[in-house]
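*Asks:* Coordinates for the following, if possible.
(4 chains)
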Protein chains: 4
Amino acid sequence: MTTQIRFTAPMLNTLIVGASGYTGAELATYVNRHPHMNITALTVSAQSSDAGKLISDLHPQLKGIVDLPLQPMADISAFAHNVDVVFLATAHEVSHDLAPQFLAAGCVVFDLSGAYRVNNPDFYTRYYGFTHQHPQWLEQAVYGLAEWEHGALKEAQLIAVPGCYPTAAQLALKPLIEEGLLDLTQWPVINATSGVSGAGRKAALGNSFCEVSLQPYGLFTHRHQPEIASHLGAEVVFTPHLGNFPRGILETITCRLKPGVTHGQVAACYQQAYEDKPLVRLYDTGVPALKNVVGLPFCDIGFAVQDTHLIVVATEDNLLKGAAAQAIQCMNIRFDFAETQSLI
Amino acid sequence: MTTQIRFTAPMLNTLIVGASGYTGAELATYVNRHPHMNITALTVSAQSSDAGKLISDLHPQLKGIVDLPLQPMADISAFAHNVDVVFLATAHEVSHDLAPQFLAAGCVVFDLSGAYRVNNPDFYTRYYGFTHQHPQWLEQAVYGLAEWEHGALKEAQLIAVPGCYPTAAQLALKPLIEEGLLDLTQWPVINATSGVSGAGRKAALGNSFCEVSLQPYGLFTHRHQPEIASHLGAEVVFTPHLGNFPRGILETITCRLKPGVTHGQVAACYQQAYEDKPLVRLYDTGVPALKNVVGLPFCDIGFAVQDTHLIVVATEDNLLKGAAAQAIQCMNIRFDFAETQSLI
Amino acid sequence: MTTQIRFTAPMLNTLIVGASGYTGAELATYVNRHPHMNITALTVSAQSSDAGKLISDLHPQLKGIVDLPLQPMADISAFAHNVDVVFLATAHEVSHDLAPQFLAAGCVVFDLSGAYRVNNPDFYTRYYGFTHQHPQWLEQAVYGLAEWEHGALKEAQLIAVPGCYPTAAQLALKPLIEEGLLDLTQWPVINATSGVSGAGRKAALGNSFCEVSLQPYGLFTHRHQPEIASHLGAEVVFTPHLGNFPRGILETITCRLKPGVTHGQVAACYQQAYEDKPLVRLYDTGVPALKNVVGLPFCDIGFAVQDTHLIVVATEDNLLKGAAAQAIQCMNIRFDFAETQSLI
Amino acid sequence: MTTQIRFTAPMLNTLIVGASGYTGAELATYVNRHPHMNITALTVSAQSSDAGKLISDLHPQLKGIVDLPLQPMADISAFAHNVDVVFLATAHEVSHDLAPQFLAAGCVVFDLSGAYRVNNPDFYTRYYGFTHQHPQWLEQAVYGLAEWEHGALKEAQLIAVPGCYPTAAQLALKPLIEEGLLDLTQWPVINATSGVSGAGRKAALGNSFCEVSLQPYGLFTHRHQPEIASHLGAEVVFTPHLGNFPRGILETITCRLKPGVTHGQVAACYQQAYEDKPLVRLYDTGVPALKNVVGLPFCDIGFAVQDTHLIVVATEDNLLKGAAAQAIQCMNIRFDFAETQSLI
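*Replies:* Numbering: from 1, shown residues only, chains lettered A, B, ... in the order given. Next comes the predicted model:
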């Protein structure tokens, strides 16, 4: 690609598309606080009943902090010029269509949907139900698992921010797999429980207060399973659950070590992978609880070993390290800001 | 009215109309357990997407207990014959239309909506937004505040079961007002907090898990205020709140005693009113917590006095003493069963 | 043993020892409701600060239903005579000591602790930290996994009611293992989440409202793992979690089918095991949610299959099918009452 | 007093006493983030079992952010020198004793207990059960209701940060009373519900997850009632409730306007009081929900008027505007930093 990246330092003009949801509100909070970013506009679809409202009408916690309107965006023309950075907090199909337009306009695009996460068009036919129209961008997109893609992120124009479940799962498993510590003939079993905000901000009976209780869903059919397997290069059993809390994800991952692998080797493997990674917190002893990360940009990881059995526990805030904070982290890396700028 | 009540003892054939909601599920549970009642049918509106499903598909806790289908009811003809008792767990306007039809068919009707609660057609024009078409039934309807209407209930054909908030408020205030203990020039202040099930079983953003938190609503405009005031014959300030729990109502009622009224007089007043009323539980010391009544058919009442200030705390399960259990209690009284039959 | 069982039908005089806790309150509720049982006494340890209080002071939901005092029990002499049935809702060590005394007095004993669950004294040395003094009773004790021990229960004097986690895990796995459908070289992975009531009624920082959030605990070290493995005759990985809800357990069990085993075979296996077992509810499609069983005596089971991977979801109320309801179910079987008497 | 205030700008050396609790953790977070403050030490009582642990062991959300040890403090000698600012997050009696010692050492003291809130020694005899030994400091202490005490705060050595309930109550009522809009012959009725963190970080049955449910407590006897009344110069009925949420306070205040006072006058009154006060957010329409402020330093205020009846709703995070954030706000004012520095 020959598109020029326009970067008018020190302040990046920033557009948040699909700003009405929970992730949009978190992005707006981070960008507003960032010393090198301006919010140029917040947009929603032209059909949205939220168009014209203030973001703080929908998310009253932002009152007095970010009181900008949600502007209806019928097409990108009125919004793309003079914008450096675009966050797409939109549905997969919408991101699929919008990203190339913003890229063509010279923006750096951080897509929080699944539209550019797997470099294989067949993946979209099979798991997302649409034919991908932009295989060239699919090829160029950098998968924003930030701790593992520092180098590629620094050059990226299109960053596909990983899904909430895959972020924790991969941060937990990738070091072990890269180091060859696991016996992968026995698939790792990922039991993951997410807060209700993972289902988005919408009226739905299944999200209603009286209907929510701990429950597995999407057994063997959730799209995050192939996302995880594809990027890890290893099969896994992935079972998501709905939890009775608003936000956060906790994953308990049971796997098999190769014979002879010790607790110490596992600890050293994690240490090496994440010693200079400020948003992964390792536990020397014990495992994290969900509350340790709610409202924070971290992924916390702890584990226990018995013989060849290994249980890893990883937890994150699904809206933060699982979405908005990781997007900002990628942006910080992309533009050479401190990796945790405005996140901690 | 000359309509004959048909009563084929010992088993009452029972119809539950609008059985898909939370109150419907509680009614079905009680009726199924009742030794003198049969469930003849459960119905939903003919347009409902729940038509044809089992009630236990919607309310899985009923699986294996009540697995009957929710039948679409376009008109009453297919359902009214051979039915002794009808529970209307329907919207106000629907109850308004259906009740007279079932009454004409000789059924005893327990209406859990607001359609027949206040014996004054103007009330409906003003607070419910429709012109009441059945003033003769409005006049005959017995208000099913069970502890206070034993006599009238025994003869009633149409019982208007009180609203959830008004039940607790009136059980708390009525003895004091009847006994003349309150200085009503200072309006009692009723602060009430209800679980989310009070809003019904439906998809709505305001009921969604991530949106619910403690919040007042309907300040000075809730329809239960005039229902309470009308039946008490006294003005009150009524402020409902949405609470972050699925079920239960707790009301904290602050009022002014007439000069010289003592703690002992208040206690004696309650004792006299409720000593032989099994579903009101009085606290000699302290006040009840919400959890004391959740899942149970009681209204619990406690109070504290300081000088001329009186605080009464009343709590109930909004779906039970505030709806289904009170309807069954009224039915038990109406048909001379033990008042608590199948409730405890 | 030659001790005679004393059974003064039709009413069983019943003692609940350790009645102050959550399980005690549930037992008292069931026994009070049972047409063939009397509560002879409720006891607590002689040192307990709850001694002398009413059970309804501690558990106000029982007010007006069971208002009996919690009597201090220094030794069994004042309580054992004229008692037919004893429920021990006591600590393991206490049950270990008390059960033989009540048995010697001719009572039928239902022990809800772990003291008599595994017929192997070494188990207690290793996992419970004490030397079992009553190996002869350990041998005679019947493990009260009710659906699987109907025959033995009918003759039992000492019934060791299974732990909360093991009940759901075994009901889910036992049919599959008995039928030989699983490839057990890959250990079943049991991820289980329990409500906070599983930790008992006590002041503890870890149980306090602000400290509780979803969190694994006891990795590779929980005593329910060997209880499960011992009774199943198969090793498992068992990972308990604390959940942010008061009651209920949900277990997601991932296992490997033998090659060629089909979804239909799994379904038929469950059907055969539980078709005439009223307290296990099988799901033809989908899997249960926690709320389906809270407050109810059931264990609900559903599953999904993909190739040789099987995920079974089992859920129960930890205080009911995981404790009090299963104890009553065993008692009903023991004394030839209907299996669900007073439970549904 | 002639004590010199030592101020080594630009960095204030800061001591947090009683840092193990929920408020301590919030203070540590704020101070750590503040560009003009250093944490010199975090202390706990010399007897505390937490002594020697890291604050992030107790509050794992601080891991990697503040990992300082909780140092046992037997007396102030090892801690008072070279410290500019002391926050006392200690029990009333402890603050009562410590504050004068730190003041004598030249520190500016922000006391979050009740020990110096009311300038009347009798208050302590009556409501706190001890005889106040430091009436001269009681007289000099500035009550840190920040929006109302800007001037006095700038000179203060001892700041008594208001209680959690009184902050919201006074912010809501003080403008109306100062402006003379209320008919105070009818006492304002304050119904307040607090999250469980208000009870502190400790093992207590009443705080345990299974025991908490919405419940009034301390009727007519809570010490915050006289604190409110004393500072407002007006009597109120104050009824606190425990709510089933970890943090936040919502107060619904029902009062009587003087005849003729309009909605517009009430709005103007609030506008005038708080137009340049960044931590009070006024609602033009509607009233706030609890979630609007959780995790944030604001007090949100909305109201409704009908005839002479006024309902004001005020909400805040009890640990922030009700404790730590207000302490930092007072400190910011005291040392001429931006009022919201490190708070937003």
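
*Asks:* From here on, just use CA atoms for contacts and neighbour counts.
*Replies:* Fine.

*Asks:* Show me which residues of chain A are close to chain D?
*Replies:* A:59, A:60, A:61, A:63, A:64, A:281, A:291, A:292, A:293, A:296 (CA under 8 Å from any CA of the partner chain).

*Asks:* Going by neighbour count, which residues in stretch A:229-238 are buried?
*Replies:* A:229, A:230, A:231, A:232, A:234, A:235, A:236, A:237, A:238 (16 or more other CA atoms under 10 Å in any protein chain shown).

*Asks:* Likewise for stretch A:300-308?
*Replies:* A:300, A:301, A:302, A:303, A:304, A:305, A:308.

*Asks:* and of the residues you listed, the nearest to chain C?
*Replies:* Of all these, the one with the least separation from chain C (CA to the nearest CA) is residue A:304, at 6.7 Å.

*Asks:* sorry, back to before: please pick the buried ones from the residues of chain A next to chain D.
*Replies:* In those, the ones that pass as buried (16+ other CA under 10 Å) are A:59, A:60, A:61, A:63, A:281, A:291, A:292, A:293, A:296.

*Asks:* Let me know the closest of these to residue C:53.
*Replies:* Relative to residue C:53, the closest of these is residue A:291; by CA to CA it sits at 36.6 Å.

*Asks:* got the contact list for that closest one?
*Replies:* For residue A:291, the contacting residues are A:248, C:213, C:214, D:61, by CA atoms under 8 Å, 6 or more residues apart in numbering or on different chains.

*Asks:* which stretch of helix or strand covers the residue sitting furthest away from the middle of chain A?
*Replies:* Relative to the centre of chain A, and counting by CA atoms, centre = their mean, the farthest-placed residue is residue A:260 at 34.6 Å. Element membership of residue A:260, judged by DSSP states H and E, is empty: it is in no helix or strand.

*Asks:* which residue sits closest to it, ignoring its sequence neighbours?
*Replies:* Using CA to CA, 6 or more residues apart in numbering or on different chains and skipping the chain neighbours, the partner closest in space to residue A:260 is residue A:308 (7.5 Å).

*Asks:* Just to check, the one you found is in contact with residue A:266?
*Replies:* No. With contacts counted by CA atoms under 8 Å, residue A:308 stays clear of residue A:266, the gap being 11.4 Å.

*Asks:* Pull the number of nearby residues for residue A:335.
*Replies:* Residue A:335: 16 surrounding residues under other CA atoms under 10 Å in any protein chain shown.

*Asks:* do residue A:338 as well
*Replies:* Residue A:338 has 12 nearby residues by other CA under 10 Å.

*Asks:* Might you report the residue contacts of the closest residue to residue A:298 other than its chain neighbours?
*Replies:* Nearest non-adjacent residue to residue A:298, counting by CA to CA, 6+ apart: residue A:279, 4.6 Å away. Neighbour list for residue A:279: A:297, A:298, A:299, A:340 [criterion: CA under 8 Å, 6+ apart].

*Asks:* Leaving aside the residues adjacent along the chain, what's closest to the closest residue to chain D within the stretch 51-200 of chain A?
*Replies:* Using CA to the nearest CA, the single residue of the stretch 51-200 of chain A nearest to chain D is residue A:61, 4.3 Å away. Using CA to CA, 6+ apart and skipping the chain neighbours, the partner closest in space to residue A:61 is residue D:292 (4.3 Å).

*Asks:* pretty sure the one you found contacts residue A:60?
*Replies:* Yes. Taking CA under 8 Å as the definition, residue D:292 is a contact partner of residue A:60 at 5.3 Å.

*Asks:* Could I get the average pLDDT for the strand or helix carrying residue A:268?
*Replies:* Element membership for residue A:268 (DSSP H and E) is helix A:263-274. Averaging pLDDT along helix A:263-274 yields 98.

*Asks:* Which neighbouring elements make contact with it?
*Replies:* Applying 3 or more CA pairs under 8 Å, 6 or more residues apart in numbering or on different chains; DSSP states H and E, one finds that helix A:263-274 makes contact with helix A:164-178, strand A:280-282.

*Asks:* what pairs with the helix or strand that the shortest one is followed by, and is each one parallel or antiparallel?
*Replies:* Towards the C-terminus, the helix or strand next in line after strand A:280-282, according to DSSP H and E, is strand A:299-306. Here strand A:299-306 is paired, per DSSP bridges, with strand A:280-282 (parallel), strand A:309-316 (antiparallel).

*Asks:* which of those sits most buried?
*Replies:* strand A:309-316 (a mean of 27; mean count of other CA atoms under 10 Å in any protein chain shown).

*Asks:* Can you get me a residue count around the closest residue in space to residue A:232 that isn't next to it in sequence?
*Replies:* Once flanking residues are discounted, residue A:232 sits nearest to residue A:174: 6.3 Å by CA to CA, 6+ apart. The number of residues packed near residue A:174 is 19, by other CA under 10 Å.

*Asks:* Quick check: phi and psi at residue A:159.
*Replies:* Backbone torsions for residue A:159, taken as degrees, to the nearest 10, come to phi -110, psi 120.

*Asks:* ok, now residue A:193?
*Replies:* Torsion angles, degrees, to the nearest 10, at residue A:193: phi -120, psi 130.

*Asks:* tally of neighbours for it?
*Replies:* Residues lying near residue A:193 (other CA under 10 Å) number 26.

*Asks:* Just the pLDDT for the closest residue in space to residue A:64 that isn't next to it in sequence.
*Replies:* Leaving out its chain neighbours, the residue that sits closest to residue A:64 by CA to CA, 6+ apart is residue D:281, at 7.3 Å. Residue D:281 is assigned a pLDDT of 98 by the prediction.

*Asks:* Hmm, residue D:281 is touching residue D:297, no?
*Replies:* No. Using CA under 8 Å, residue D:281 is not in contact with residue D:297, being 10.4 Å away.

*Asks:* where does residue A:330 land in three-state SS?
*Replies:* Under DSSP: H, G, I helix; E, B strand; the rest coil, the three-state class of residue A:330 is helix.

*Asks:* returning to that earlier point: contact partners for the residue nearest to residue A:61?
*Replies:* A:59, A:60, A:61, D:300.

*Asks:* how about the residues of the stretch 101-250 of chain A that lie near chain B?
*Replies:* Residues of the stretch 101-250 of chain A lying near chain B (CA under 8 Å from any CA): A:196-197, A:201-210, A:212, A:245-246.

*Asks:* in chain A, which spans are strands?
*Replies:* A:12-17, A:37-45, A:70-73, A:85-88, A:108-111, A:142-143, A:158-160, A:189-194, A:215-216, A:237-242, A:249-256, A:280-282, A:299-306, A:309-316 (DSSP state E).

*Asks:* Parallel or antiparallel, which strands does the fourth one pair with?
*Replies:* Neighbouring strands of strand A:85-88 in its sheet, by DSSP bridges, are strand A:12-17 (parallel), strand A:108-111 (parallel).

*Asks:* Count the residues that sit near the nearest residue to residue A:152 once chain neighbours are set aside.
*Replies:* Here the nearest residue to residue A:152 in space, its sequence neighbours aside, is residue A:142; by CA to CA, 6+ apart that works out to 6.6 Å. If you count neighbours by other CA under 10 Å, residue A:142 ends up with 25.

*Asks:* isn't residue A:142 right up against residue A:156?
*Replies:* Yes. Using CA under 8 Å, residue A:142 is in contact with residue A:156, at 6.3 Å.

*Asks:* Quick check: neighbours shared by those two?
*Replies:* Counting by CA under 8 Å, 6+ apart, nothing touches both residue A:142 and residue A:156.

*Asks:* Between the strands of chain A, which one is closest to residue C:28.
*Replies:* When the strands of chain A are compared (using CA to CA), the closest one is strand A:215-216, at 30.2 Å.

*Asks:* Just name whatever secondary elements that closest one is in contact with.
*Replies:* So strand A:215-216, by 3+ CA pairs under 8 Å, 6+ apart, packs with strand A:237-242.
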